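1. Provided below are the primary sequence and the corresponding predicted coordinates.
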Amino acid sequence: MFLGIDIGTSAVKALVLDETGSVVASSNAGLDVSRPRPLWSEQDPDDWWRAVDSAVRVLAEAGHTSRVRAVGLSGQMHGATLLDDSDRPLRPAILWNDGRSLEACRRLEEKQPRSRLITGNLAMPGFTAPKVLWLKEHEPDLFSKLRRVLLPKDYVRLRMTGEAISDCSDASGTLWLDVEKRRWSAEMLEACDLDPASMPSLVEGSDMGGRLRPEVARAWGMEPVPVAGGAGDQAAGAVGAGVVDPGMASLSLGTSGVLFAADDRFRSNPDRAAHSFCHALPERWHQMSVVLSAASCLSWIASVVGARDEGALLHEIEKAAPSDPRLLFLPYLSGERTPHNDPEATGVFVGLSHDSDRAALGRAVLEGVAFAFADAQDVLLDAGADFDEVAVIGGGARSELWGRILASALGRTLVYRDSAEVGPALGAARLARLCLGEGTISEVCTPPPIVHTVAPEVALVDSLSPKLENFRDTYRRLRLNS
């Protein structure tokens, strides 16, 4: 058996995979996000550990962990987990969807003018390095005590193994990695006044990245087994979906949304906010576009309009009349990353009327997120990505209606595979298997069985195309007038 753990933003997911690659059991534990000020988004790092421990103990109590031979980790990317010389958090972690460090991004690129050449990426508030510059400028007493910076899943690894280790895919999102050469950049660390000793050791996602401490292993009902290097959640999700070779792509519908294209070479398009990162596997890279609010938009509108839950609202939308051609939603509830790099962008409804009922608003939200993905796709194609069909992963993958809208907005067939909603945890378990040498990448990282496919619909394409142009024009107009 192999244990995969994904430290998400809203929940921790843990699953056990057997030797045939089938999911035997899974467990979730919820997480809360704190937003103490506008643009801020934080979590207590110890909450991650408590949620991981809770989720794994549920599996252990059901007898699913005793045969686990390796553990894999996946996690939300970019979060700045800031530790003192006792490896204790100095403050709450600053998360991927935190927008406070926009000015620090500008200063970082001024301090190191080769930043985009070194990292292949534009400095954006979501990334880790600008958050540390913000800390130095706004909380200098804490910066003076800073001895180590870890990403969320690697803080959990530290608690699990006692070792400070990261992997190349997750480290790509810090702005401290030379992504093409897969190593820390001394120049980028110097620009943040950080000692290289502050950084964890680097391994590939499929390599060994520590071993469970005996006391943790006992609590979880297993031996002190190896822990794989693991991956950032998007790379892990791609491994779970079998998106590991050039020409393959995935679309993640989680709290945020990600369009991900695998590659066997490093390509970049930083000026349009494309992300160029290492994949979780050796000698592989990927490009991705990030939409900061995806399934979270559906959760938000369901709460605002008083729907019982997201599923109930989706059912209402499916039964309602076709979408209102005048009604648009800009899904920038947490700002936006690709293609705008605009943390101050906000969510907007345009075209409201007396006929705009709960279902109409919900439908506009589904379409708005789909239009954001269409923008994201244009950026990847401009960066040289080449793909046809797209595998859908994440919790939002359960909605067939949303799939029809997305396929028609993107003009691509969407493929829904088994276990799509647990993609990152599944990918983490697969990396655990690889770290033991249990099969090759092509044998372990196969696409799961297809459950169904959704192709673009001519009528939907025709109705959505003019709305997409209005969507883009609305953002431009609002941005110019802000």
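-> Arrived safely.
2. check contacts around residue 105.
-> Residues in contact with residue 105 (Cβ atoms under 8 Å, 6 or more residues apart in numbering) are 123, 124, 125, 127, 130. Using the backbone N, CA and C atoms, a C-beta is placed for each residue, glycine as well.
3. I'd like those as TSV, with secondary structure and distance to residue 194 appended.
-> Below are the contacts of residue 105 laid out as TSV (DSSP: H, G, I helix; E, B strand; the rest coil; distance: Cβ to Cβ, whole Å):
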residue	secondary structure	distance to residue 194
123	coil	15
124	coil	18
125	coil	18
127	coil	14
130	helix	13
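4. just the residues you listed now: which is nearest residue 72?
-> Checking those against residue 72 by Cβ to Cβ gives residue 127 as the nearest, at 24.0 Å.
5. and residue 214, how many neighbours?
-> 10 (other Cβ atoms under 10 Å).
6. likewise the one 5 residues further on?
-> As a burial measure, the neighbour count of residue 219 was computed by other Cβ under 10 Å and equals 14.
7. can you pull the pLDDT of it?
-> On pLDDT, residue 219 comes in at 97.
8. Now it, what are its backbone angles?
-> Per-residue torsions, residue 219: phi -60, psi -30 (degrees, to the nearest 10).
9. Can you say which of the contacts of residue 105 are buried?
-> With neighbours counted by 16 or more other Cβ atoms under 10 Å, those contain buried members at 123, 124, 125, 127, 130.
10. if I look at the first one, how far off is residue 188?
-> If you measure residue 123 against residue 188 using Cβ to Cβ, to the nearest Å, the figure is 10 Å.
11. go on, the fourth one?
-> Going from residue 127 to residue 188 by Cβ to Cβ gives 11 Å.
12. coming back round to it: could you dump the buried ones among the contacts of residue 105 to CSV with distance to residue 85 and pLDDT?
-> Below are the buried ones among the contacts of residue 105 laid out as CSV (distance: Cβ to Cβ, whole Å; pLDDT from 0 to 100):
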residue, distance to residue 85, pLDDT
123, 28, 95
124, 30, 92
125, 28, 92
127, 25, 96
130, 24, 98
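13. what's the farthest-apart pair in these?
-> Using Cβ to Cβ, the two most remote members of the buried ones among the contacts of residue 105 are 123 and 125, lying 8.5 Å apart.
14. Please identify the buried residues of the helix or strand hosting residue 28?
-> When elements are assigned from DSSP states H and E, residue 28 belongs to strand 23-30. Judged by neighbour count using 16+ other Cβ under 10 Å, the buried positions of strand 23-30 are 23, 25, 26, 27, 28, 29.
15. How about stretch 232-245?
-> Residues 232-244 are the ones in stretch 232-245 that count as buried (16+ other Cβ under 10 Å).
16. ditto for stretch 30-40
-> Here stretch 30-40 shows 31, 33, 39, 40 as buried, counting by 16+ other Cβ under 10 Å.
17. Helices - which of these land there?
-> Using DSSP state H, no member of the buried residues of stretch 30-40 sits in helices.
18. okay, who's weakest in the residues you listed by pLDDT?
-> By pLDDT, residue 39 ranks lowest within the buried residues of stretch 30-40, coming in at 92.
19. Could you find the closest non-adjacent residue to that one?
-> Setting aside the residues directly before and after it, residue 39 is nearest to residue 99 in space (Cβ to Cβ, 6 or more residues apart in numbering), at 3.9 Å.
20. tell me which element the one you found falls in.
-> Assigned by DSSP H and E, residue 99 belongs to no helix or strand.
21. Assess the claim that it and residue 336 are in contact.
-> No - counting by Cβ atoms under 8 Å, residue 99 sits too far from residue 336 to count as a contact (9.8 Å).
22. So between these two, which is more surrounded?
-> Neighbour count, other Cβ under 10 Å: between residue 99 and residue 336, residue 336 has more, with 27 against 21.
23. And that one, how far from residue 55?
-> To residue 55, residue 336 is 31 Å away according to Cβ to Cβ.
24. go on, residue 476?
-> In this structure, residue 476 and residue 55 are 44 Å apart, going by Cβ to Cβ.
25. And the helices in the stretch 151-300 of the chain, which stretches?
-> Using DSSP state H, counting those that start in this stretch, the helices of the stretch 151-300 of the chain run over residues 152-161, 168-171, 186-191, 214-219, 233-241, 295-304.
26. Turn those helices into a markdown table, columns for distance to residue 227.
-> Shown next, in a markdown table, are the helices of the stretch 151-300 of the chain (distance: least, Cβ to Cβ, whole Å):
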| stretch | distance to residue 227 |
| --- | --- |
| helix 152-161 | 6 |
| helix 168-171 | 14 |
| helix 186-191 | 25 |
| helix 214-219 | 10 |
| helix 233-241 | 14 |
| helix 295-304 | 29 |
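27. Out of the ones you listed, which one sits most buried?
-> Across these, averaging neighbours per residue (mean count of other Cβ atoms under 10 Å) puts helix 233-241 on top, at a mean of 33.
28. centre of the chain versus that one, how much separation?
-> Relative to its chain's centre, helix 233-241 lies at 9 Å (Cα atoms, centre = their mean, to the nearest Å).
29. Which strands and helices lie in contact with it?
-> Counting by 3 or more Cβ pairs under 8 Å, 6 or more residues apart in numbering; DSSP states H and E, the packing neighbours recorded for helix 233-241 are strand 70-75, helix 168-171, strand 249-253, strand 257-263, strand 285-291, strand 390-393, helix 423-435.
30. Output the below-cut-off pLDDT ranges for this structure.
-> Counting by pLDDT under 70, the chain shows low-confidence ranges at 395-397, 482.
31. Phi first, then psi, for the residue of the chain most remote from its centre.
-> What lies farthest from the middle of the chain is residue 354; by Cα atoms, centre = their mean that is 37.4 Å. For residue 354, the backbone dihedrals (degrees, to the nearest 10) come out as phi -60, psi -20.
32. What distance do you get for it to residue 323?
-> Counting by Cβ to Cβ - residue 354 and residue 323 are separated by 17 Å.
33. Which parts of the stretch 251-400 of the chain are strands?
-> For the stretch 251-400 of the chain, the strands defined by DSSP state E, counting those that start in this stretch cover 257-263, 275-278, 285-291, 328-330, 348-350, 390-393.
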